[in-house]
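1. dropping a prediction and its sequence here:
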Amino acid sequence: MEGSEEMVVAVIMVGGPTIGTRFRPLSFNVPEPLFPLAGHPMVHHPISACKRIRNLARILLIGYYEEKEFTLYVSSISNELQVPVRYLKEDKPHGSAGGLYYFRDIIMEDSPSHIFLLNCDVCCSFPLPDMLEAHRKYGGMGTLLVIKVSAESANQFGELVADPNTKELLHYTEKPETFVSDLINCGVYVFTPDIFTAIESVFANREDRANPLRDTSFESLYSSTRTSVPKGFVRLDQDILSPLAGKKQLYTYETTDFWEQIKAPGISLKCSALYLSRFRATAPGLLASGDGTKKAKTVGEVYVHPSAKVHPTAKVPLCRSIISE
């Protein structure tokens, strides 16, 4: 099949209300994925990045928030981007790989050749078209977005070793006690539908005995209180990435752009600044847009909510400012 005919589906994991404590007291009244970053909901940034994927059929949000919490946003963003966006509610937490498998029939409705999987608590430039191009050249089942970080911070994430020439994933370990590599998992992936066969194998091979649940970078979207893996819960990092590393199934695509995992309110301020800086190059029309800004003076990257009013004599300084409604 020619690449121009291949459809792509994007899946974004949004987790559930059990992780709302990470953003308290700021997220009491809003689900974490809808927490504002750079004037837009957190999940808006990966969603808008998916719009750049050629032949994108739809975008699916998977989590276990109540559907009513996403109804208005999903309708609004679908109209804005002119791409079907749908929220799928899990009956219980299944893990990132388990959630993907749970909704496999819906994901495969358009017979996509490739499936993007993103975590909503990631802040980066999301080079998805470039990832897909590299993935097609590699020819494996999946490709991970990776980045180099300092050796001191690497053990907070999934560390990995990749072949410097072929980019094959050779080794993957989640939050190791000893240093393995300064290359880490960014929580952004592209897979072929073979990922569902790999997840099936996890179910088939899992023993009845308790399977310890280690703290991981991205499964915290689901629960940080469990001590063992419940039935139907499949972790992408420990159950898929680690076992398949070195088997010519998984490859890596390294980004040299910005990347952060949004774990706390303090990080959200840094991420807002990163996105505002990116808007300057990619979407300058989003900056300093609001009633009253034509005469008001703005310096640097400033976002003004459309409903906000800025006095004509005001000066908004260079601090990557956000003026809300």
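-> Structure's in. What do you need?
2. thinking N185 is in contact with D237, fair?
-> Yes - assessed by C-beta atoms under 8 Å, N185 is found in contact with D237 at 6.9 Å. Quick note: C-beta positions are derived from backbone N, CA and C, even for glycine.
3. what residues does the closest residue in space to L241 that isn't next to it in sequence make contact with?
-> The spatially closest residue to L241, leaving aside those adjacent along the chain, is Y172, at 4.5 Å (C-beta to C-beta, 6 or more residues apart in numbering). Residues near Y172 by C-beta atoms under 8 Å, 6 or more residues apart in numbering: 158-161, 185, 237, 241-242, 245.
4. max pairwise distance over those: which two?
-> Greatest spatial distance in the contacts of Y172: V161 and D237, 14.6 Å, computed using C-beta to C-beta.
5. with neighbour numbers in mind, choose between the two.
-> The neighbour comparison of V161 against D237 (other C-beta atoms under 10 Å) goes to D237, with 25 against 17.
6. how close does that one sit to W259?
-> Plainly put, D237 is 17 Å away from W259 if you go by C-beta to C-beta, to the nearest Å.
7. next one: V85
-> To W259, V85 is 24 Å away according to C-beta to C-beta.
8. how about K167?
-> Distance from K167 to W259, counting by C-beta to C-beta: 18 Å.
9. cool, V202 as well?
-> Counting by C-beta to C-beta, the separation of V202 from W259 is 28 Å.
10. for E69, same thing?
-> 27 Å.
11. go on, G246?
-> G246 sits 25 Å away from W259, taking C-beta to C-beta as the criterion.
12. same question for M42.
-> Relative to W259, M42 is positioned 15 Å away (C-beta to C-beta).
13. state the helix or strand in which P46 lies.
-> helix 44-50 (DSSP states H and E).
14. now that helix: mean pLDDT?
-> Averaged across helix 44-50, pLDDT comes to 97.
15. export only the CA atoms of it, formatted as PDB.
-> Taking Å, rounded to 0.1, in the frame of the first residue of the first chain, the C-alpha atoms of helix 44-50 are listed here in PDB:
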ATOM      1  CA  HIS A  44      -4.500  20.600  23.500                       C
ATOM      2  CA  HIS A  45      -0.800  20.700  22.800                       C
ATOM      3  CA  PRO A  46      -0.400  17.000  21.800                       C
ATOM      4  CA  ILE A  47      -3.800  17.100  20.000                       C
ATOM      5  CA  SER A  48      -2.800  20.100  17.900                       C
ATOM      6  CA  ALA A  49       0.500  18.300  17.100                       C
ATOM      7  CA  CYS A  50      -1.400  15.300  15.800                       C
END
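16. centre of the chain to it, how far?
-> 9 Å (C-alpha atoms, centre = their mean, to the nearest Å).
17. so which residues make contact with that helix?
-> Contacts to helix 44-50, defined as C-beta under 8 Å, 6+ apart, come from residues 10, 12, 37-38, 40, 56, 59, 77, 81, 83, 85, 116, 118, 120, 122-123, 125-126, 128, 275.
18. the next helix or strand after that helix - contacts with which helices or strands?
-> Sequence order places strand 56-63 as the next helix or strand after helix 44-50, per DSSP H and E. Other helices and strands packing on strand 56-63, by 3 or more C-beta pairs under 8 Å, 6 or more residues apart in numbering; DSSP states H and E, are strand 8-15, helix 44-50, strand 85-89, helix 95-102.
19. gap between strand 56-63 and the chain center?
-> 12 Å.
20. pretty sure M108 sits against P193.
-> Yes - using C-beta under 8 Å, M108 is in contact with P193, at 6.5 Å.
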